[in-house]
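Asker: Quick one, what's the 3D model for this:
(one chain, ligands or ions: 1)
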Amino acid sequence: MSLAEITNGGITSSFLRSSELANDMPLDSDVFSVPPGYNAPQQVHITQGDMEGKGVIVSWTTPHEPGSNTVLYWADGKSKRKSRRAEGTVLRYKYINYTSGYIHHCIIAGLEFDTKYYYEVGIGRIPTRRFWFITPPKPGPDVPYTFGLIGDLGQTPDSNTTVDHYMSNPRNPKAMLFVGDLSYADAYPLGDNTRWDTWGRFTERLVAYQPAIWSAGNHDIDFLPQYGETVPFQPYLHRYPVPYQAAGSTSPLWYSVKRASAYIIVLSSYSAYGN
Ligand SMILES: [Fe+2]
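Answerer: Okay, here's the model as predicted:
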């Protein structure tokens, strides 16, 4: 018996990978378009904000000046007039010759399980932008739940197809496990961080509506000591916060969360990079 016979798992998909490596989508692609209105919030994304799923971290960027730090949120079926508000923080970071926009992070805590919430960012300014998410059921051993999985996404036309496939999948994944390598901005000279911004706008249509459980990959290290970038993961860490303290972790590069019937442990094998 040959090894090929022992290991043949059959054909599980009709997908055939192209032998060509795709180029990134050009900067004027529709998926990279900036939302209308001066300083409108962009690159909106959410992630789980606590250990059990009753908290959500909302993140967004305003390009020209600090925006409002407020997130308004209310449960589906309730009036927006009875919305609650949470206050976040704003930061910028520099990377070689790049300075980021104003990156806002806001934790919403104390949500109900298994509930749809609407949320708005850009509060007090025009234009505001509205999105929604659904909290998971209370964690337990037999709670049904569907995760989707994406890694190595990048921003090529194939990346766009991957997001389309994910969002139209009939299994309807409710939260995304992202297994590292987000934007691939590190392929550009000086790790051009404007490609982190395009990636944030491109992925908004997915990750503004369901949380991603982020982990970092080798393309997220962004360690360029010859250009003064001596601390790895700076673009990733400034843009994609995770609830590592809720797990008692000392680093956002390793942490755990519970969600429905899953206990998810995130480990980045590159966490010691440069040390
Ligand atoms: Fe990878």
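Asker: just for the stretch 51-200 of the chain, where's the confidence low?
Answerer: Residue ranges of the stretch 51-200 of the chain with pLDDT under 70: none are present.
Asker: and it, which of its residues are near the ion?
Answerer: Neighbours of the ion within the stretch 51-200 of the chain, by C-beta under 5 Å from the ion: 152, 181. (C-beta placed from N, C-alpha, C; glycine too.)
Asker: Test my guess that residue 239 contacts residue 105.
Answerer: No. With contact defined as C-beta atoms under 8 Å, residue 239 does not count as touching residue 105 (9.1 Å).
Asker: Settle it for me: which of those two has more neighbours?
Answerer: Comparing residue 239 with residue 105 by other C-beta atoms under 10 Å, the one with more neighbours is residue 239, at 25 against 20.
Asker: Report the contact partners of the closest residue to the ion within the stretch 1-150 of the chain.
Answerer: Nearest to the ion, among the residues of the stretch 1-150 of the chain, is residue 150, at 11.3 Å (C-beta to the ion). Neighbouring residues of residue 150 by C-beta atoms under 8 Å, 6 or more residues apart in numbering: 162-163, 166, 176-179.
Asker: next one: residue 166
Answerer: Contacts of residue 166 (C-beta under 8 Å, 6+ apart): 148, 150, 173, 176, 206.
Asker: Out of the residues you listed, which is nearest to residue 189?
Answerer: residue 150 (26.5 Å; C-beta to C-beta).
Asker: now the strands for the stretch 151-275 of the chain?
Answerer: For the stretch 151-275 of the chain, the strands defined by DSSP state E, counting those that start in this stretch occupy 175-178, 212-214, 254-259, 262-267.
Asker: and those strands as JSON lines, adding mean neighbour count and distance to residue 196?
Answerer: Below are the strands of the stretch 151-275 of the chain laid out as JSON lines (neighbours: other C-beta atoms under 10 Å; distance: least, C-beta to C-beta, whole Å):
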{"stretch": "strand 175-178", "mean neighbour count": "22", "distance to residue 196": "14"}
{"stretch": "strand 212-214", "mean neighbour count": "23", "distance to residue 196": "13"}
{"stretch": "strand 254-259", "mean neighbour count": "21", "distance to residue 196": "21"}
{"stretch": "strand 262-267", "mean neighbour count": "15", "distance to residue 196": "20"}
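Asker: Alright, that wraps it up for me.
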